[in-house]
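1. Give me coordinates for this.
(chains A and B)
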Protein chains: 2
Amino acid sequence: MSQAIVHPLSVDASWRSRAKRVIPNGMYGHQNAASLPEGFPQFMERGEGCRIWDVDGNEYIDFMCSYGPVVLGHKHEAVEAAARAQSELADCQNGPSHLIVELSELLVKTVKHADWAMFQKNGTDATTACVTIARATTKKRKVLVAKGAYHGAAPWCTPNPNGVLDEDRAHLDYFIFNEIESVRQAVERNSGDLAAIVISPFRHDARFDQEIVDVEFAKYLRKVCDDIGAALILDDVRCGFRLALGGSWEPIGVEPDLSAWSKAIANGYSIACVLGNDKFRDGASQIFVTGSFWFSAVSMAACIATIESLKNEDGVSKLIRAGTRLREGLAAQAQSHGLSINQTGPAQMTLVTFAQDKDFAMANLWTGEAAKRGVYLHPWHNMFTCSAHTDADIDQALLAIDEAFSIVRSKFGAN
Amino acid sequence: MSQAIVHPLSVDASWRSRAKRVIPNGMYGHQNAASLPEGFPQFMERGEGCRIWDVDGNEYIDFMCSYGPVVLGHKHEAVEAAARAQSELADCQNGPSHLIVELSELLVKTVKHADWAMFQKNGTDATTACVTIARATTKKRKVLVAKGAYHGAAPWCTPNPNGVLDEDRAHLDYFIFNEIESVRQAVERNSGDLAAIVISPFRHDARFDQEIVDVEFAKYLRKVCDDIGAALILDDVRCGFRLALGGSWEPIGVEPDLSAWSKAIANGYSIACVLGNDKFRDGASQIFVTGSFWFSAVSMAACIATIESLKNEDGVSKLIRAGTRLREGLAAQAQSHGLSINQTGPAQMTLVTFAQDKDFAMANLWTGEAAKRGVYLHPWHNMFTCSAHTDADIDQALLAIDEAFSIVRSKFGAN
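-> As a prediction, the model looks like this:
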């Protein structure tokens, strides 16, 4: 693991400077490294297992996994082989390959609430289609979402309102995650016109400590939707196949009507998916959604191989094991340095924050120093483990992270 | 070229029947073969050059080119090699590869009006981002679109209103393609609040004869937008790189402020793009749009190789040559059978309709019979040539098509 060299003469800096001329702001969206502290690269070169390399040749142990898509490790053999074999035949054609049927059957078999499937490209396509299907089915307009939750980057849901109109969100209303009373009030406010409630499996809003869902809260949402005939939509885009193969709420026994999937389901190949039950099949048949590449076969081959590999390898257990080892290591290290940190959410999708950390100054220093030492963490977004993280990888990462904690302690003192 | 066998015991029929159980309606979107006549397969197996094979092993000469994405022919060597080389390194990572900069630079060099680029996955992502950028820049709300034009499948633009709310289209207003007076009135109706005019390079609404843009009309749109500071948005998703490498309106000398691209730009790899000029760079920097796979490197490598191949091979000329040969052949055949057809739009994106053809009955029979004879046409959507169509391919296709004309004449008589 080389020590990262990040200075104005780096290859990364040179690409950043060229990017500024031909890309607004030099970069956009969630992969804009301008929002990351010094020490993080903008441009990446390659990946293998849980290791990644930037354009300067610096190696990192990766705890972002491409912001979620990589769940089995980069360039997983079975997934790559399936994708390669399909790409020898065709990808984007005049019609889907038969794999769309095999994949739908596999998902319906794997995910408990699902009777049918439809595929898209972006997580936003999937959440938007869920809302549209709910409205087409119920003939109602109102959609309840948790305040601060991220459900995509279309005008109705993007967190940044520039260029967005009031009308794009006219029929959204808000509740507080895990607060039953706030849902009750929102339902009452929109009585007679409620199409859906959209919820993520746990609260994973960027920049806030994460919150596991209360089972009673989840059951209440299910009951409300049943009582009034609204759709319970689970936004499983970020969590899907990381918490449970049967859907992220399978372990708590609460079944959504519709669920939105993307990110990890094809280990980095571009695909998204809506799964639904038979109550919402007719509504799903009535809407028109499509995209030039929604039927492309290579990502579907990769998706099938990813699901089978996760089953064969008991992938979710590996994610949990790696995440737990990381979390326990971080907790012990922080304590030994007299630093107070919060680790929230499931171990395989942990968010680490420092107590009293105004503007994430401590988190920025910590993750920036870790990056310089070959560990790719994130200062304010939940991180991700993959099934390629071995105990040895975690231990090696922790060695570097310990130095980063030490620097934080020197600069900020105990918090 | 084998004679297609389409009967209830076909492999295609068996997949269709399985699909009905796990996909709403058995299929969705623009690739739903339920809207195509008997003779067309739903499920495709592979492609090579201008030839494609369905799941029953039937071979076709392809005039749909995956509904537009395939411009150099299926499995074009240089594009496949570039994609394969990049996929050996990485696709979806924690940040883009440096290819995003090289591709942006190449597009800015190739497309006359462009000073910058942003990439997405769906054509709809690109058109939606254009509208959002226009609104962010101008701080106005109203967007004018041509009545009946297709700009994607998001709630604000999908042609099917099920599940869509009035508010999704609250600030759209409509004009008639090529009718200056209708634009003048729409501008007047929305005076003081106009953010953008969205237009396709020519009128290519499905099920209607196509219409080339009047140069005076295009110039009028440019002038109106200049006068009031609105964005002229060219939706080049379907036409991009098929009419001209510098943008579809480069030959008529009218530059849009923003243009939306997808389909053919990476010869079938999934990518979309917004190009813009410096007037709209700030607005583009202010919005938040993103997607899990928007920074994936393989499609960018394919896009670069596609642009270079189109330049090296003089691809657009080949598309025109193939389209013109097809068109001339069809015209002569129709005449010889005493059938009256309209062939509209540019030769490389021709739409063929039969005169007096109620409910497309003649077109359905004609294309269905052509499909059974190994030629994949379309009854009501514009078709596409690719640079892999040789004179011999066109001539072979015409042999089969002539039989299809003959059957139409027998059944319907002269029209």
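2. For the stretch 151-300 of chain A, list the residues in contact with chain B, please.
-> Contacts of the stretch 151-300 of chain A with chain B, taken as C-beta under 8 Å from any C-beta of the partner chain, map to A:153-156, A:158-160, A:162-165, A:167-168, A:170-171, A:237, A:262-263, A:268-270, A:276, A:281-296, A:299. Just so you know, the C-beta spots here come from the backbone N, C-alpha and C atoms, and that holds for glycine as well.
3. How about whatever residue of the stretch 251-400 of chain A ends up closest to chain B: what's its closest non-neighbour residue?
-> Residue nearest to chain B within the stretch 251-400 of chain A: A:T290 (2.9 Å; C-beta to the nearest C-beta). Spatial nearest neighbour of A:T290, chain neighbours left out: B:G29 (2.9 Å); criterion: C-beta to C-beta, 6 or more residues apart in numbering or on different chains.
4. how close does the one you found get to B:I233?
-> Using C-beta to C-beta, to the nearest Å, B:G29 is found at 24 Å from B:I233.
5. Same drill for the two, tell me which one is more crowded.
-> Per other C-beta atoms under 10 Å in any protein chain shown, whichever of B:G29 and B:I233 has more neighbours is B:I233, with 32 against 19.
6. so where is chain A shaky, pLDDT-wise?
-> Filtered on pLDDT under 70, chain A yields the residue ranges A:1-8.
7. The same query, at a cut-off of 50, please.
-> Applying pLDDT under 50 to chain A flags the ranges A:1-5.
8. so who does the most centrally placed residue in it touch?
-> Against the mean C-alpha coordinate of chain A, by C-alpha atoms, centre = their mean, the closest residue is A:R238 at 2.4 Å. Contact partners of A:R238, counting by C-beta atoms under 8 Å, 6 or more residues apart in numbering or on different chains, are A:68, A:123, A:200, A:204, A:263, A:349, A:382.
9. Okay, and which of the residues of the stretch 151-300 of chain A next to chain B map to strands?
-> A:G276 (DSSP state E).
10. which ones among the residues of the stretch 151-300 of chain A next to chain B are found in helices?
-> By the criterion of DSSP state H, membership of these in helices covers A:281-286, A:299.
11. Got the domain ranges for chain A?
-> Structurally, chain A divides into domains by automatic domain parsing as follows: A:11-72+A:314-412, A:77-312.
12. In the stretch 51-200 of chain A, what residue spans correspond to strands?
-> A:51-54, A:59-62, A:116-120, A:142-146, A:172-175, A:194-199 (DSSP state E, counting those that start in this stretch).
13. With the stretch 301-415 of chain A instead?
-> Secondary structure of the stretch 301-415 of chain A (DSSP E, counting those that start in this stretch): strands at A:341-344, A:351-354, A:375-376.
14. For the second one, name the packing helices and strands.
-> Looking back up the chat, that one is strand A:351-354. Taking 3 or more C-beta pairs under 8 Å, 6 or more residues apart in numbering or on different chains; DSSP states H and E as contact, the helices and strands that strand A:351-354 lies on are strand A:341-344, helix A:361-372.
15. Indicate which one of the ones you listed is closest to A:E80.
-> Across the helices and strands packed on strand A:351-354, A:E80 has its closest neighbour in helix A:361-372 (26.9 Å, C-beta to C-beta).
16. which helices and strands sit right next to the closest one?
-> By 3+ C-beta pairs under 8 Å, 6+ apart, helix A:361-372 packs against strand A:351-354, helix A:391-412.
17. returning to that earlier point: so which of the contacts of A:R238 belong to helices?
-> A:G123.
18. Neighbour count added to the contacts of A:R238, as CSV?
-> Below are the contacts of A:R238 laid out as CSV (neighbours: other C-beta atoms under 10 Å in any protein chain shown):
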residue, neighbour count
A:G68, 25
A:G123, 28
A:S200, 24
A:H204, 22
A:K263, 28
A:M349, 23
A:N382, 24
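19. and which of the contacts of A:R238 is nearest B:I320?
-> Set against B:I320, the nearest of these by C-beta to C-beta is A:G123 (39.3 Å).
20. contacting residues around that closest one?
-> Neighbour list for A:G123: A:152, A:237-238, A:260-263, A:272, B:291-292 [criterion: C-beta under 8 Å, 6+ apart].
21. on that earlier part again, what would the strands of the stretch 301-415 of chain A look like in TSV with mean neighbour count?
-> Formatted as TSV, the strands of the stretch 301-415 of chain A follow (neighbours: other C-beta under 10 Å):
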stretch	mean neighbour count
strand A:341-344	18
strand A:351-354	23
strand A:375-376	26
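22. May I see the ones you listed organised as CSV, with distance to B:W53 added?
-> Formatted as CSV, the strands of the stretch 301-415 of chain A follow (distance: least, C-beta to C-beta, whole Å):
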stretch, distance to B:W53
strand A:341-344, 52
strand A:351-354, 49
strand A:375-376, 43
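23. quick one: which of those strands is nearest B:D391?
-> Of all the strands of the stretch 301-415 of chain A, the one in closest proximity to B:D391, counting by C-beta to C-beta, is strand A:375-376 (54.1 Å).
24. Packing partners of the closest one?
-> By 3+ C-beta pairs under 8 Å, 6+ apart, strand A:375-376 packs against strand A:59-62, helix A:391-412.
25. sorry, back to before: how about the domains of chain A, which one is nearest B:T344?
-> For the domains of chain A, the distance to B:T344 is smallest for domain A:77-312, at 21.4 Å, taking C-beta to C-beta.
26. gap between the two ends of that closest one?
-> End-to-end distance of domain A:77-312 (C-alpha to C-alpha, to the nearest Å): 13 Å.
27. hang on, the earlier thing: point out the most buried one among the helices and strands packed on helix A:361-372.
-> A comparison of those by mean neighbour count, using mean count of other C-beta atoms under 10 Å in any protein chain shown, puts strand A:351-354 on top with a mean of 23.
28. Residue of the stretch 1-150 of chain A closest to chain B, please.
-> Closest to chain B within the stretch 1-150 of chain A is A:G29: 2.9 Å, counting by C-beta to the nearest C-beta.
29. you'd agree A:A154 is up against B:T127?
-> No - at 12.0 Å, A:A154 does not count as touching B:T127 under the criterion of C-beta atoms under 8 Å.
30. Pick out whichever of these two has more residues nearby.
-> Counted by other C-beta under 10 Å, A:A154 and B:T127 do not tie: B:T127 has more neighbours, with 31 against 24.
31. For the more buried one, give me its contacts.
-> B:T127 makes contact with B:151-152, B:157, B:198, B:233, B:235, B:237, B:260, according to C-beta under 8 Å, 6+ apart.
32. Number of residues surrounding the nearest residue to A:A82 once chain neighbours are set aside?
-> The shortest distance from A:A82 to any non-neighbouring residue, by C-beta to C-beta, 6+ apart, is to A:A305 (3.6 Å). Other residues near A:A305 come to 24 when the count uses other C-beta under 10 Å.
33. what sits against A:A305?
-> Neighbouring residues of A:A305 by C-beta under 8 Å, 6+ apart: A:78-79, A:81-83, A:267.
34. Who wins on neighbours among those?
-> A:N267 (34 neighbours).
35. from memory that residue sits against A:I304, does it?
-> No - A:N267 sits out of contact with A:I304 when judged by C-beta under 8 Å, with a separation of 11.0 Å.
36. List, one by one, the residues from the stretch 301-415 of chain A near chain B.
-> Contact residues (C-beta under 8 Å from any C-beta) of the stretch 301-415 of chain A with chain B: A:Y376.
37. C-alpha coordinates for stretch A:346-356, PDB please?
-> The C-alpha coordinates for stretch A:346-356 follow below in PDB (Å, rounded to 0.1, in the frame of the first residue of the first chain):
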ATOM      1  CA  PRO A 346     -26.000  -1.600  10.200                       C
ATOM      2  CA  ALA A 347     -22.300  -2.600  10.500                       C
ATOM      3  CA  GLN A 348     -22.100  -3.200   6.700                       C
ATOM      4  CA  MET A 349     -23.200   0.300   6.000                       C
ATOM      5  CA  THR A 350     -21.700   2.200   8.800                       C
ATOM      6  CA  LEU A 351     -21.600   6.000   9.200                       C
ATOM      7  CA  VAL A 352     -18.900   7.300  11.400                       C
ATOM      8  CA  THR A 353     -19.300  10.800  13.000                       C
ATOM      9  CA  PHE A 354     -17.200  12.600  15.600                       C
ATOM     10  CA  ALA A 355     -19.000  14.000  18.600                       C
ATOM     11  CA  GLN A 356     -19.200  17.800  18.600                       C
END
